[in-house]
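# Just need the structure, nothing else, for what follows:
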Amino acid sequence: MTRTALVVGASGIVGSATAQLLGEQGWSVHGLARRPQALDGVAPVAADLQDAAATRAALAALNPDAVFITTWLRQDSEAENIRVNSAMVRNLLDGLPKPTGPRHVALVTGLKHYLGPFESYAKGTLPQTPFREEQPRLDVDNFYYAQEDEVFAAAARDGFTWSVHRPHSVIGKAVGNAMNMGTTLAVYASLCRETGRPFAFPGSAAQWNGLTDMTDAKLLAQQLLWAATTPAAANEAFNIVNGDVFRWSWMWGRIAAWFGLEPAPFDGVVRPLEVQMADDAALWRTIAEREGLAEPDLARLASPWHTDADLGRPIEVVTDMSKSRRLGFTGYQPTEDAFFALFAQLRAERLIP
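Residues are numbered from 1 along each chain as shown. Okay, the predicted model is just below:
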């Protein structure tokens with residue numbers, strides 16, 4: 001029998017990659033969003049997860065075998081992040097009909113589980129790297145923890161299995177996404193090539209010199225599917241990164257070369273993209289009109305604030321993958337290949353020149 005999946009946030013970086021993989025594997029896929037986009041092979045479900053009654057009505061006819069929660073809404077404070085995002089998960093799981101058979105719910109969070117929320121990101125006492133899933137929660141309020149607790153409570157009530165997935169910065173394509181380093185760097189490189197400005201690394205010396213890792217959205221989708229279909233993975237939290245490590249002092253030159261640029265020498269000065277790109281909206285619109293690009297709104301392509309947060313961290317960040325490896329997940333993706341594949345896709349789809 002065909003298995004049915006509900007992908008929450010199907011138009012985002014992670015959600016779209018997950019929906020595509022599920023479709024390729026023969027699943028019947030439903031994609032939930034406030035304003036669903038047309039996606040091949042995905043049945044749209046329109047619902048605002050902040051509205052409990054509307055969510056229940058939208059989900060009344062669904063009985064999915066697996067639910068993949070890949071969305072969140074950024075708020076002005078962590079208290080509001082907790083209130084809004086925990087309610088969204090609660091309304092979703094309360095709104096689904098009680099399962100009549102086995103069901104798995106997968107929640108995607110991230111390394112802010114170990115690094116802290118936006119208001120105290122990478123500050124204070126942090127766990128030792130590489131991050132491991134068994135490390136305890138930080139003693140700070142964090143909307144990731146609140147989302148987890150909603151999943152745990154619903155699982156205990158309704159009897160489904162769950163998994164939590166903690167990627168590092170995700171590489172993948174989506175327009176209008178709040179956390180989108182790959183496309184942000186592609187747009188920044190395109191602007192530097194257009195204007196002749198130096199292609200300058202915007203972050204800290206710790207990130208330039210230290211080891212780090214990242215997560216390809218397609219690899220994350222593979223782990224989500226694996227956890228949903230592997231009994232040994234039930235009721236566990238998993239880190240998910242590509243499997244390689246690199247230093248930005250090496251990767252920056254690789255990205256520069258892809259765009260035909262020379263990387264600017266790094267002098268240790270932090271030059272945030274949010275400052276460098278602050279006045280570029282009109283220029284991007286001009287480039288888009290001249291080149292026939294599909295998205296002239298710079299704000300829908302680039303998220304400088306989030307890229308600055310990741311590249312400005314004062315500590316080295318690497319992630320341990322032993323837990324899922326021991327259970328049989330062996331996916332691997334070289335990070336430079338993930339960047340290059342994304343850049344090629346953005347160019348093919350006329351999102352960058």
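# Next, count neighbours for L111.
21 (other Cβ atoms under 10 Å). Heads up, the C-betas are built off the backbone N, CA and C, glycines and all.
# Grab the nearest non-local neighbour of A233.
Distances taken as Cβ to Cβ, 6 or more residues apart in numbering put A227 closest to A233, at 4.2 Å, once the chain neighbours are dropped.
# and that neighbour, that's in a strand?
No - A227 is assigned helix when assessed by DSSP: H, G, I helix; E, B strand; the rest coil, not a strand.
# so it sits right up against T161, yeah?
No - counting by Cβ atoms under 8 Å, A227 stays clear of T161, with 9.0 Å between them.
# Between the two, which has more neighbouring residues?
Neighbour totals were compared for A227 and T161, and A227 leads with 28 against 18 (other Cβ under 10 Å).
# Against P44, how distant is the more buried one?
25 Å (Cβ to Cβ, to the nearest Å).
# ok, longest helix in this structure?
Using DSSP state H to define each element, the chain has its longest helix at helix 78-95.
# pull the CA atoms of the next helix or strand after it into CSV?
Using DSSP states H and E, the helix or strand that follows helix 78-95 towards the C-terminus is strand 104-108. Once non-C-alpha atoms are left out, strand 104-108 reads as follows in CSV (Å, rounded to 0.1, in the frame of the first residue of the first chain):
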residue,chain,number,x,y,z
HIS,A,104,5.9,8.7,12.9
VAL,A,105,6.4,12.4,13.6
ALA,A,106,9.8,14.0,12.7
LEU,A,107,10.7,17.5,14.0
VAL,A,108,13.6,19.5,12.4
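# Low-confidence bits of this protein, can you list those?
Within the chain, no stretch has pLDDT under 70.
# repeat that for 90
Scanning the chain for pLDDT under 90 picks out 1, 11, 34-40, 117-127, 174-179, 314-315.
# tell me, what residue is most central in it?
Centroid-nearest residue in the chain: V170, 4.6 Å away (criterion: Cα atoms, centre = their mean).
# which residues does it contact?
Shown in contact with V170 (Cβ atoms under 8 Å, 6 or more residues apart in numbering): 13-14, 179, 181, 214-217, 220.
# can you list those residues in CSV and add secondary structure and neighbour count?
Listed next are those as CSV, based on DSSP: H, G, I helix; E, B strand; the rest coil; neighbours: other Cβ atoms under 10 Å:
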residue, secondary structure, neighbour count
I13, helix, 26
V14, helix, 29
M179, coil, 20
M181, helix, 26
M214, coil, 26
T215, strand, 28
D216, strand, 28
A217, helix, 27
L220, helix, 29
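# closest to R350 among those?
I13 (18.5 Å; Cβ to Cβ).
# A strand includes E134, no?
No - using three-state DSSP, the assignment for E134 is coil, not a strand.
# Can you report how many residues neighbour it?
Residues near E134, counting by other Cβ under 10 Å, number 7.
# got it, and L22?
L22, neighbours per other Cβ under 10 Å, totals 26.
# any idea how far F68 is from it?
Taking Cβ to Cβ, one finds L22 at 8 Å from F68.
# Need the overlap of contacts for these two.
In contact with both L22 and F68: 5, 7, using Cβ under 8 Å, 6+ apart.
# wait, what's in contact with D94?
For D94, the contacting residues are 52, 56, 154, by Cβ under 8 Å, 6+ apart.
# go on, K323?
Contacts of K323 (Cβ under 8 Å, 6+ apart): 132-133, 236, 238-239.
# Distance of it relative to R132?
K323 sits 7 Å away from R132, going by Cβ to Cβ.
# cool, and E80?
In terms of Cβ to Cβ, E80 sits 30 Å off from R132.
# Which positions within stretch 340-353 qualify as buried?
The neighbour-count check on stretch 340-353 (16 or more other Cβ atoms under 10 Å) flags 341-343, 345-346, 351-352 as buried.
# Over to stretch 92-111?
Using 16+ other Cβ under 10 Å as the test for burial, stretch 92-111 gives 92-96, 99, 103-111.
# All the strands of the stretch 251-353 of the chain, in order from the start?
Along the stretch 251-353 of the chain, no segments are classed as strands by DSSP state E, counting those that start in this stretch.
# on that earlier part again, what is the nearest of the contacts of V170 to A299?
M179 (13.7 Å).
# Strands of the stretch 1-150 of the chain, start to end?
For the stretch 1-150 of the chain, the strands defined by DSSP E, counting those that start in this stretch occupy 4-8, 28-33, 42-46, 66-69, 104-108.
# Which one (most neighbours) among the contacts of K323?
Across those, neighbour numbers were computed from other Cβ under 10 Å; N239 holds the maximum, 26 neighbours.
# ok, it touching Q135?
No - look at N239 against Q135 with Cβ under 8 Å: they stay out of range, at 10.3 Å.
# would you list the contacts of D94 in CSV and tack on distance to G253 and neighbour count?
Shown next, in CSV, are these (distance: Cβ to Cβ, whole Å; neighbours: other Cβ atoms under 10 Å):
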residue, distance to G253, neighbour count
A52, 50, 16
R56, 52, 16
A154, 47, 19
